[in-house]
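In: how would this look folded up:
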Amino acid sequence: MQGDQSPRAIDGSSPLVALRGVGPALAEKLGRIGLERVGDLWFHLPLRYEDRTRLSPIATLRPGDLAQVEGRVLAAERSFRFRPQLRVVLIDELQHTLTLRFFHFNKAQAERFAPDSRWRVYGEARGGAQGLEMIHPSVTALVGPLPLAARLTPVYPSTEGVHPQRITRLVDQALAALPDDAELECVTPARVRELGLGSLRAALIEVHQPPAAADQNALIERRHPAQLRLAFDELLAHHLSLRRLRHALKAHAAPRIVAPGAGRKSLLAGFGFALTAAQRRVLAEIEVDLARGQPMLRLVQGDVGSGKTAVAALAALSAIDAGWQVAVLAPTEVLAAQHRASFQRWFDPLGVSVCWLSGALGAAQRRAAVAAIASDAQLIVGTHALIQDSVTFRKLGLAIIDEQHRFGVHQRLTLRDKGARAGLRPHQLILTATPIPRTLAMTAYADLDISVIDELPAGRTPITTVVLSNSRRAEIIQRIRRYVADGHQAYWVCTLIEESELLDAQAAEAAHAELIAALPELAIGFVHGRMRAAEKAQAMADFKAGTLAVLVATTVIEVGVDVPNASLIIIENAERLGLAQLHQLRGRVGRGAVASTCVLLYQSPLSGTARARLDLLRETGDGFRIAEKDLELRGPGEVLGTRQAGIAAFRVADLARDAALLPHVAKTADELLVDDPAAVERLIGRWIGAATRYADA
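Out: Purely as a prediction, here's the structure:
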């Protein structure tokens, strides 16, 4: 029966209803955040900690302090002018006062603050109109002596209808059921000693119940030894899940594509340029994969303009010549349309037609495209529309996925599943112009083989990057006039589509109007993500054809746009964008033989971090150096895109901070996969659980 079991009768596999106070309704709510069994609570880690082990005199508080104070009610009043408000004034023994403000309260709660009643309060001090105050602090009525907390108070992530304190009580119950080290550990004691870390059991207890003397700064920064031990296990679990995905995929068969087709020589001639040594090396690696008869899963990294698409086109031709369909999937209409144009230019002379599918097609066009994909289409280019249920491939042999971090593992596998046929899985070639730091790739892409195109084509000129204050805006607009007079084109990139009261950023609409007024003799176009696909395509086509001298755009042009005659790009509010995104945008110029310039416009004042970011871009065009710095500054989620990156959000680990653990992670994973498959399953279940649908690849 619920609540009748002692801690000894409960183990990690017990359902949550085995704990006191947990019925079916609460269990259902907790299930929303992945808490289903007692063991899930062991790894449900605190978001932060509150220090309720001591009291602070009101006189010592400063704005921003998180503190606990005691006092008696000097006055309490309710106000309903403008918005309901309860204002309570506390006075402590030294006769200093603190105002408490509540905006959500009922009559009974207000009446509890009777004059001279005593309260213990925890919250953040802030400056108010009448001195220090706390907004919605945690409050406890003092009827008699109340001991202070003996340890730091954890605050847990929760869900609607469940107070974090309730989760705290449940975690305490769950910790009472922790088994001993021998039963709990998945990593050998020798490996733990090599890392200089403690046992998993001790780490869990210390993270959930840190003593008052614990290093609070280390806990806040997640560099406490107990957190490092948990970070190691979490990194290991994620690494193992991707390795298991890779192993499962390699167990399948794939089309055996053994030699370049007869059309390769013609395609190479159609490029109009010779392949670089790096392109030839990566193409050779792809050809080895295609000939193996196992599904290729290869990530091709290459800096902006390195020629990834040409390599992908050569791989596509090999598959087509062998009788297989090829799908090219891109995350945006603009990028997909760019690929469509490139592939049509290269493949039409070879007699290979390009089928196009995007969400913007009309019903009749869509039906025709879907029918062609199911029958005789050889090369299909499209957006997310390619992975919709209604799309069926006749004989998909190769899927080329551009900027996969904008899709995520699940969508990539959906496309793979569509190509499953007669026991075969299609090959997958993934392209990214976002250089992935080695430390990040070891963990985030452990299921992929990685190739790097680390050489730019001959004839590319370096891009000069300048960092200027927005106060020089008029001067920059005049520079555009000179550039266009010399026969070149320019981009003006904005971070917002329309004016916002929250962000002091120049909107693209306002910039477009401003440039038209300042440069009336020039043809100035406008493109943003909310436009209809046909309008975007027309604006891009006009710019590429040279009909437009200037294109005002949002970051929709970040990847895939190739206009060699564009030699100037101005990026507004550059301080708002990350390094990788700025590097991508900068790569829209410098695509021809003409010297190009990137102007990073910023709004003053500029923070130290933003200044360092912009200075780095001014100093280097090395995408890998930029990516390493981006990882350091913003973390893996931003470098890869979002949580869609294919790695679940880490609970305690941080790939930049914990990079020193990664070699040990890889070594331990190798050992566990051979020596202890059961430990592998336990680790993945603990840290990832239901998030690994893709592990059954």
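
In: Could you chop the chain up by domain?
Out: According to automatic domain parsing, the chain comprises the domains 54-148, 227-250+664-696, 264-453, 463-620.

In: Number of residues surrounding Thr60?
Out: Neighbour count of Thr60, defined by other Cβ atoms under 10 Å: 12. Every residue, glycine included, has its C-beta placed from N, CA and C.

In: Next, the contact list for it, please.
Out: Neighbouring residues of Thr60 by Cβ atoms under 8 Å, 6 or more residues apart in numbering: there are none.

In: now the domains of the chain as CSV including distance to Glu183 and mean pLDDT?
Out: Putting the domains of the chain into CSV (distance: least, Cβ to Cβ, whole Å; pLDDT from 0 to 100) gives the following:
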stretch, distance to Glu183, mean pLDDT
domain 54-148, 34, 92
domain 227-250+664-696, 10, 83
domain 264-453, 27, 86
domain 463-620, 44, 84
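
In: Out of the ones you listed, the one nearest Glu221 is which?
Out: The minimum distance between Glu221 and those falls on domain 227-250+664-696, with 9.0 Å, by Cβ to Cβ.

In: ok so, going back, would you tell me which of the domains of the chain gets closest to Ala27?
Out: That would be domain 227-250+664-696 among these, by Cβ to Cβ, at 15.5 Å.

In: chain center to that closest one: distance?
Out: Counting by Cα atoms, centre = their mean, to the nearest Å, domain 227-250+664-696 is centred 21 Å from the centre of its parent chain.

In: Repeat that for stretch 575-590.
Out: 17 Å.

In: where along the stretch 451-600 of the chain do the helices fall?
Out: With DSSP state H, counting those that start in this stretch, the ranges of helices along the stretch 451-600 of the chain come out as 473-485, 508-518, 533-545, 579-586.

In: Could you say which of those helices is packed most deeply?
Out: Across the helices of the stretch 451-600 of the chain, the average number of neighbours (mean count of other Cβ atoms under 10 Å) peaks for helix 579-586, which reaches a mean of 24.

In: Please name every helix or strand in contact with it.
Out: If contacts are counted by 3 or more Cβ pairs under 8 Å, 6 or more residues apart in numbering; DSSP states H and E, helix 579-586 sits against strand 566-571, strand 596-602, helix 608-619, helix 623-634.

In: give me that answer again for 6 Å
Out: Contacts defined by 3 or more Cβ pairs under 6 Å, 6 or more residues apart in numbering; DSSP states H and E place helix 579-586 against helix 623-634.

In: hang on, the earlier thing: wait, which of the domains of the chain is closest to Asp181?
Out: Of all those, domain 227-250+664-696 comes closest under Cβ to Cβ, at 12.1 Å.

In: okay, the helices of the stretch 451-600 of the chain in JSON lines with distance to Ala182 next?
Out: Compiled in JSON lines, the helices of the stretch 451-600 of the chain are given as follows (distance: least, Cβ to Cβ, whole Å):
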{"stretch": "helix 473-485", "distance to Ala182": "68"}
{"stretch": "helix 508-518", "distance to Ala182": "62"}
{"stretch": "helix 533-545", "distance to Ala182": "60"}
{"stretch": "helix 579-586", "distance to Ala182": "45"}
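
In: now the domains of the chain as JSON lines including distance to Pro157?
Out: JSON lines is the format used below for the domains of the chain (distance: least, Cβ to Cβ, whole Å):
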{"stretch": "domain 54-148", "distance to Pro157": "17"}
{"stretch": "domain 227-250+664-696", "distance to Pro157": "15"}
{"stretch": "domain 264-453", "distance to Pro157": "22"}
{"stretch": "domain 463-620", "distance to Pro157": "25"}
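
In: Nearest to Leu170 among these would be which one?
Out: domain 227-250+664-696 (17.2 Å).

In: Tell me which of the domains of the chain sits nearest to Ile33.
Out: Comparing these by Cβ to Cβ, domain 227-250+664-696 comes nearest, at 11.3 Å.

In: and of the helices of the stretch 451-600 of the chain, who's closest to Leu66?
Out: helix 579-586 (32.2 Å).

In: That closest one vs helix 608-619, what angle?
Out: Counting by axes from the mean of the first three to the mean of the last three Cα atoms, to 10 degrees, helix 579-586 lies at 40 degrees to helix 608-619.

In: Mind listing residues that contact helix 579-586?
Out: Identification of contacts with helix 579-586 by Cβ atoms under 6 Å, 6 or more residues apart in numbering yields 434, 493, 558-559, 571, 598, 613, 617, 623, 626, 629-630.

In: Show me which of the residues you listed are buried.
Out: In the contacts of helix 579-586, burial by neighbour count holds for 434, 493, 558-559, 571, 598, 613, 617, 623, 626, 629-630, counting by 16 or more other Cβ atoms under 10 Å.

In: In those residues, find the pair that's most separated.
Out: Val493 and Lys629 (21.0 Å).

In: I'd like the next helix or strand past the strand or helix carrying His339.
Out: Following DSSP states H and E, one finds His339 within helix 333-347. With elements assigned by DSSP H and E, the helix or strand that comes after helix 333-347 is strand 354-357.

In: could you point out which element follows that next one?
Out: helix 363-373.

In: Now do the buried residues in stretch 103-116.
Out: In stretch 103-116, counting by 16+ other Cβ under 10 Å, buried: Phe113.

In: and what of stretch 217-225?
Out: Those would be 219, 222, 224, for stretch 217-225 by 16+ other Cβ under 10 Å.

In: With adjacent residues omitted, what lies nearest to Ile570?
Out: Excluding its sequence neighbours, the residue lying closest to Ile570 (Cβ to Cβ, 6 or more residues apart in numbering) is Val599, at 4.5 Å.
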